[in-house]
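Engineer: Here's a sequence, model it:
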Amino acid sequence: MAAHINPVWQRRTASSNRLAKISAGFLSDSPEMKNDKDPCRVIPFLLDNPGQSWITLELGQVLKQRGHDTFQHRIDEPCGDSRNPLRDALDAHPAEGDYCLLSLTSAETVRACRLDHVVLLVPANLDSVRTAYQRIKLLSERNVPEIGVVLVGPRDQHAGWRYFRKLAVGSLRYLDVPLLNLGFLPEQVTPEHGQTNQHRTNFLARISERLLRSEFYSSCTSEKVARGKP
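Structural biologist: Predicted coordinates:
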């Protein structure tokens, strides 16, 4: 039941080496051990709507169960020169090895915080795909981040792939922005269909593995954020 996981339609030839590294990571029996000592690795999620906050909350629980020190933070306001809420969050959690699951509700905030990676949570319907495209268009106007996509609520794997393909083809053709498919959460495991269960945990675990194996996070320290260079 595994979803398509390969990045598609890359715009740079140099990206082939990165794709090979990601593919090797997916096929290996265990993830590579990292020697870096960054105080925090920020994984930014751009929510389609506030109701999607359950995804980052439960994803954080999955990471903790797998031995990763993880905390949550949410930004509902733009970063600014006088007060940077992302810097405040990192200063409050300085321990090495932490993952910060950062929830955002505005593409403008992603731009203002100069995040170099972002995961879009996209409901599986055409209106939401169009909204996601407009957000990608806004992000592509300056300092284009690496963009990953998680489809939320398709009826099955094939439906999830079709929606991802619509978004990925349009983003590459008209914006020259490639997307990375990070997986999907089928409608059968969403909260509307019951409490937390093992099936939902399994899908979230797959997404977490792809995030970590592909190093899909912004390695941000509070000092870098303070300088405006995440």
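Engineer: Toward the C-terminus, what is the element adjacent to the least confident helix or strand in the chain by mean pLDDT?
Structural biologist: Sorted by mean pLDDT, DSSP states H and E, the helices and strands of the chain end with helix 15-27, the least confident at a mean of 44. Counting by DSSP states H and E, the next helix or strand C-terminal to helix 15-27 is strand 40-46.
Engineer: what helix or strand does H158 sit in?
Structural biologist: In the assignment (DSSP H and E), H158 maps to helix 157-175.
Engineer: mind listing what's buried in the following helix or strand past that helix?
Structural biologist: Counting by DSSP H and E, the next helix or strand C-terminal to helix 157-175 is strand 179-185. Using 16 or more other Cβ atoms under 10 Å as the test for burial, strand 179-185 gives L179, L180, N181, L182, G183, F184, L185. Heads up, the C-betas are built off the backbone N, CA and C, glycines and all.
Engineer: try stretch 200-211
Structural biologist: Buried residues in stretch 200-211 (16+ other Cβ under 10 Å): R200, T201, F203, L204, A205, R206, I207, S208, E209, R210, L211.
Engineer: in a helix, that's where I147 is, yeah?
Structural biologist: No: counting by DSSP: H, G, I helix; E, B strand; the rest coil, one finds I147 to be strand, located in no helix.
Engineer: show me the contacts for it.
Structural biologist: Residues counted as contacts of I147 (Cβ atoms under 8 Å, 6 or more residues apart in numbering) are H117, V118, V119, L120, I136, L139, S171, V177, P178, L179, L180.
Engineer: What is the most widely separated pair among the residues you listed?
Structural biologist: Greatest spacing in the contacts of I147, by Cβ to Cβ: H117 and S171 (15.5 Å).
Engineer: what is the rounded mean pLDDT of the host helix or strand of E108?
Structural biologist: In this assignment (DSSP H and E), E108 forms part of helix 107-112. If you average the pLDDT over helix 107-112, you get 89.
Engineer: now do stretch 137-148
Structural biologist: Stretch 137-148 comes out at a mean pLDDT of 93.
Engineer: Distance-wise, check V150 relative to G67.
Structural biologist: Counting by Cβ to Cβ, to the nearest Å, the separation of V150 from G67 is 22 Å.
Engineer: Those two - which one has more neighbours?
Structural biologist: Legend: neighbour count by other Cβ atoms under 10 Å for V150 and G67, higher for V150 (25 against 8).
Engineer: tell me the SS of that one?
Structural biologist: strand.
Engineer: is it true that it touches V118?
Structural biologist: No: using Cβ atoms under 8 Å, V150 is not in contact with V118; the gap is 11.3 Å.
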